[in-house]
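K.L.:
Dropping a prediction and its sequence here:
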Amino acid sequence: MIQLENLTKRFGGLTAVNNLSLTVPKGEIFGFLGPNGAGKTTTVKILSGLMQPTSGRALVDGIDVAKDPVAAKRITALVPDEPFVYPKLTGSEFLYFIGDLYAVEPAEQKKRIPELLEQFELAQWEGELLESYSHGMRQKLVIAGVLLRRPSVVLLDEPMVGLDPKSARMVKTILTDLARDGATIFMCTHILEIAERLCGRIGIMYDGSMIEAGTVAQLRARASKELAAGIGSRVTLEDIFLDLTAARQCAPL
Amino acid sequence: MHTSAVLLRRRVLSGFNNIISMKSWEFFVRLGFACAGLLILTGLYFWFYRVLRYLGTVQIIGPLLPWKLTAMALLITFSMVAISGLVTAMTTLYYSFDLKFLFSSPVPVRGIFFDKTVETAFYSSWTLAAVLVPYVFALGRVMNATPFFCAYFLLLVPFVLLGAAFGIALSMALMYWFPTSRTRDIVWLLSSSALIFVYMMLRFVQPERLVRPGSLEVVANYLQFLSAPTAEYLPSWWVSGGMLAFLHGQYGRFAQYCLLLALSVVVVYGLLVYVSKWVYMKGFSGAQEGMRQNAKGLSPEPFERGLVHRELLSRVEGTLLWKDRKLFMRDVRYWSQGALILAIMAVYLFSIRQLPIEGRDLRSLISFLNIAVAGFVVASIGLRFTFPAVSLEGKSFWLLRSAPVSVGRLLREKLVLWAAPSMLVGGVLVAWSNILLDADFFISALSLVTILVTSLAFCVMGIGLGAVFPKFNVENIHQIESSAGGFIYMACCMGYLAAVLSVEAYPVRVHFLGKFTGGATWNWGWLALCAAAYIALNAAAMLIPWKMGLAVVERYEV
């Protein structure tokens, strides 16, 4: 479970996240949307322990990330938007490294790592240095590292960027399966189609604050009358997103 | 031309923004570094002046010696700029962050190459050119022609540009003919080995014999050697020859050398830019190919498993150690630097062996003072290996920061990795020197224990201060070494060495007094005070940077 309590993060005079409160229960896939610079990545960084909040709290399964970061990180997994990995390790070495870092039993590692490499179609590249991997391959490897340790909270920042359609579909299935098994999934994305199809609830960030949150049906119901009148029952998440953010920024399309 | 202007504008804007966004404390820190640099250059000036003045006083050959030394110094500078150009060009021309953006823009290849060449030439030559400034001033003063010698700084610009051009051309050739990673690594290693060989040869020919003509078999050969040009087809001789010609009133010859230098710069850089259209793109394309390793990975391997099994390391520390060891072994640049350290050690011990010192007591005293020199070598090696240890996690640092690993464990693992090699280098240098100097037992034991503790302290300071000044977003390791943090690390090491020698001066003094008077008279109170000061000094040197490093990395936001 994820709990954000009055979370605020300031960078000098800029407030990146402003008094954000949110609860994402176990087994839910929560989509985090918003224009560039809305504060999505900052929130994910605070949740994963890469940043400390200016005020407020971020909790994963009841553990305060700022107060007990090691315990929180033990049950959290992060997939960043830029999958920087050690270029001089090979694919399989990287997974063994992750396994050891997160104290996965050696026997489990030996069993699971070849399976994961096979599943992500990286088996033929397992002996290659990561410097020769493409962006998508590195992204798949990082996601394989997440699956190796079965975390209870998964934080994803634009996980589908760089993935081929087949891999993207596989990742969607994996996320659904993880949520079904009780994991909490928190996903930042700009691909609204993925958020619409995958997420139980969606939160829309704007200028550091969450301006709307709920299921797609709830968001659709709350969409402006002008939008509903103009498009009718064919209102998509993209329409809602643009309607909500454009109301604060510019005219709707 | 328009493209170059646009590319230049971004540099000017970045530099300008960097200055105006500077906080007041940053301004004062930089001012402090500038003053420290100026102080070092002033010190170098006086040292050069003393050496040149002494050479000028040697009978018969005195007037020739400063010029021979100048020609040799310029030759060495030229080769160092060329080496620096090679190393810098490998990064700036082929691995800069902005290259992908530039190559995807409608910018001609020659435009990109010219922009990166200017950057390479600047970064590879400015420090060496700065060191030449006090030398030229000192030479001018010795020759009683200081105002005139100031004009020679204009000659130094094309001189260092030509040196950098050698390195740039060599890097282009390497990347053109050996575009894939593995072959490039091998060529890189061979080139480094060749340079190390040249460095060792330069020392082993004993240049100190220059002021000892008797050591050469035929005096006539010696005089001929002194009056002959040093590498007359290289720019180093054109500069020194030009200086000499002007001093002797041969203005035509002086103009020839000036013209030669200027034309060479135009021709060499013009040629480089011309061929870059065909050569540069192929090299850049090859630089993006990764190395094929085909290694089956199991981590950690027996070495780390053994340490974990014996409970010397936790499982996480063992894993981190394995990771760092793997990365180290696979980066060919480390191998060449390892070889360079061995060469430095060999040259160091050779120099100790050549010291013309009579008497065991004096040799023992030198052995004590040798702690400072060996300590400097260990600190310099630390600047290359232990200080950047944290920063070298680079952009992959998010992996460790988001993992259940405390910062303390991360730093401890780095210490485990580097402490033993650091102490080994210091220990071998001092122990071997003691044997060569035939130092007495007391001094031998004292210097050996001191250098081992010093090496450990430098290792702790390197990792701690490296964590205080982390630089995760750098293009190459030189940016970490040459940062403000690197300077502070070296300054702390030098301060520590001075303090250690001061604290140990009392027991050493009593020891030598005892030798001369037939028995040492120890004041136990003073001795206890020295011991307490030594312990306090080491505790402060190790604990303060370590604690500061821990605090900074814990607060660091990726």
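P.N.:
Everything's here; your move.

K.L.:
so who does B:Val552 touch?
P.N.:
B:Val552 is in contact with B:467-468, B:470, counting by Cβ atoms under 8 Å, 6 or more residues apart in numbering or on different chains. (Glycine included, C-beta is placed from N, CA and C.)

K.L.:
Mind putting those into JSON lines with secondary structure?
P.N.:
Below are these laid out as JSON lines (DSSP: H, G, I helix; E, B strand; the rest coil):
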{"residue": "B:Ala467", "secondary structure": "helix"}
{"residue": "B:Val468", "secondary structure": "helix"}
{"residue": "B:Pro470", "secondary structure": "coil"}
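
K.L.:
Residue nearest the middle of chain B, spatially speaking?
P.N.:
Nearest to the mean C-alpha position of chain B, counting by Cα atoms, centre = their mean, stands B:Ser380 at 7.2 Å.

K.L.:
Can you pull the poorly scored residue ranges out of the chain?
P.N.:
No chain was given, so I picked chain A. Scanning chain A with the threshold set as pLDDT under 70 gives A:224-234, A:247-253.

K.L.:
To clarify, I was referring to chain B.
P.N.:
Looking at chain B by pLDDT under 70, you get B:1, B:58-62, B:146-148, B:150-151, B:179-188, B:190-192, B:194-195, B:198-232, B:289-300, B:333.

K.L.:
Which single residue in the stretch 1-150 of chain A comes nearest to chain B?
P.N.:
A:Ser132 (2.4 Å; Cβ to the nearest Cβ).

K.L.:
tell me, how many neighbours does that residue end up with?
P.N.:
18 (other Cβ atoms under 10 Å in any protein chain shown).

K.L.:
Let me know whether A:Gly31 touches A:Met205 as I believe.
P.N.:
No. Applying Cβ atoms under 8 Å as the test, A:Gly31 and A:Met205 come out as separate, 10.9 Å apart.

K.L.:
Which helix runs longest in chain B?
P.N.:
For chain B, the helix with the greatest residue count under DSSP state H is helix B:251-287.

K.L.:
gap between the helix or strand just after it and the chain center?
P.N.:
Per DSSP states H and E, helix B:251-287 leads on to helix B:302-309 as the next helix or strand towards the C-terminus. Offset of helix B:302-309 from its chain centre (Cα atoms, centre = their mean, to the nearest Å): 34 Å.

K.L.:
starting at the chain centroid, how far to the following helix or strand past helix B:302-309?
P.N.:
Remark: after helix B:302-309, the chain's next helix or strand is helix B:315-330, criterion DSSP H and E. The gap between where helix B:315-330 is centred and where its chain is centred comes out at 26 Å by Cα atoms, centre = their mean.

K.L.:
what sits up against helix B:315-330?
P.N.:
Here helix B:315-330 makes contact (Cβ under 8 Å, 6+ apart) with A:86, A:88-89, A:93, A:97, A:100-101, A:103, A:129, B:293, B:299-301, B:303-305, B:307-308, B:313, B:334, B:389, B:400, B:405, B:409-410, B:412-414, B:416-417.

K.L.:
Buried only: go through these for me.
P.N.:
Among the contacts of helix B:315-330, those scoring as buried are A:86, A:88-89, A:93, A:97, A:100-101, A:129, B:293, B:299-300, B:304-305, B:307-308, B:313, B:389, B:400, B:405, B:409-410, B:412-414, B:416-417 (criterion: 16 or more other Cβ atoms under 10 Å in any protein chain shown).

K.L.:
Tell me where chain A has helices.
P.N.:
Going by DSSP H, chain A shows helices at A:40-47, A:69-74, A:91-101, A:106-119, A:135-149, A:165-180, A:192-198, A:216-222, A:225-231, A:237-249.

K.L.:
export those helices to CSV and tack on distance to chain B?
P.N.:
Shown next, in CSV, are the helices of chain A (distance: least, Cβ to the nearest Cβ, whole Å):
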stretch, distance to chain B
helix A:40-47, 7
helix A:69-74, 4
helix A:91-101, 3
helix A:106-119, 8
helix A:135-149, 9
helix A:165-180, 17
helix A:192-198, 23
helix A:216-222, 30
helix A:225-231, 38
helix A:237-249, 27
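
K.L.:
With distance to A:Glu5 as added columns, please give those in CSV.
P.N.:
Converted to CSV, the helices of chain A look like this (distance: least, Cβ to Cβ, whole Å):
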stretch, distance to A:Glu5
helix A:40-47, 12
helix A:69-74, 14
helix A:91-101, 29
helix A:106-119, 35
helix A:135-149, 26
helix A:165-180, 23
helix A:192-198, 24
helix A:216-222, 23
helix A:225-231, 32
helix A:237-249, 24
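
K.L.:
between those, which gets nearest to B:Phe487?
P.N.:
Nearest to B:Phe487, of all the helices of chain A, is helix A:40-47, at 31.1 Å by Cβ to Cβ.

K.L.:
packing partners for that closest one?
P.N.:
If you count contacts as 3 or more Cβ pairs under 8 Å, 6 or more residues apart in numbering or on different chains; DSSP states H and E, helix A:40-47 packs onto strand A:2-11, strand A:14-24, strand A:29-33, strand A:55-60, strand A:153-157, strand A:184-188.

K.L.:
can you do 6 Å?
P.N.:
Packing partners of helix A:40-47 (3 or more Cβ pairs under 6 Å, 6 or more residues apart in numbering or on different chains; DSSP states H and E): strand A:14-24, strand A:153-157.

K.L.:
measure B:Leu39 to B:Phe46 for me?
P.N.:
11 Å (Cβ to Cβ, to the nearest Å).

K.L.:
mind listing what's buried in stretch B:334-354?
P.N.:
For stretch B:334-354, burial by neighbour count (16+ other Cβ under 10 Å) applies to B:335-337, B:339-341, B:343-345, B:347-349, B:352.

K.L.:
could you list every residue that touches the spatially closest residue to A:Leu7 that is not a sequence neighbour?
P.N.:
Distances taken as Cβ to Cβ, 6 or more residues apart in numbering or on different chains put A:Gly56 closest to A:Leu7, at 3.8 Å, once the chain neighbours are dropped. Residues near A:Gly56 by Cβ atoms under 6 Å, 6 or more residues apart in numbering or on different chains: A:5-8.

K.L.:
Of the residues you listed - the most surrounded one?
P.N.:
The most crowded member of these, judged by other Cβ under 10 Å, is A:Leu7 (24 neighbours).

K.L.:
who's it bridged to?
P.N.:
A:Leu20 (DSSP bridges).

K.L.:
what's the distance between it and B:Glu119?
P.N.:
A:Leu7 is 42 Å from B:Glu119, by Cβ to Cβ.

K.L.:
same deal with B:Leu497?
P.N.:
36 Å.

K.L.:
Who has more neighbours out of those two?
P.N.:
In this view B:Leu497 and B:Glu119 are compared by other Cβ under 10 Å, and B:Leu497 has more residues nearby, 22 against 18.

K.L.:
Around chain A, pick out the residues from the stretch 351-500 of chain B.
P.N.:
Within the stretch 351-500 of chain B, the positions near chain A by Cβ under 6 Å from any Cβ of the partner chain are B:395-396, B:398, B:401-404, B:406.
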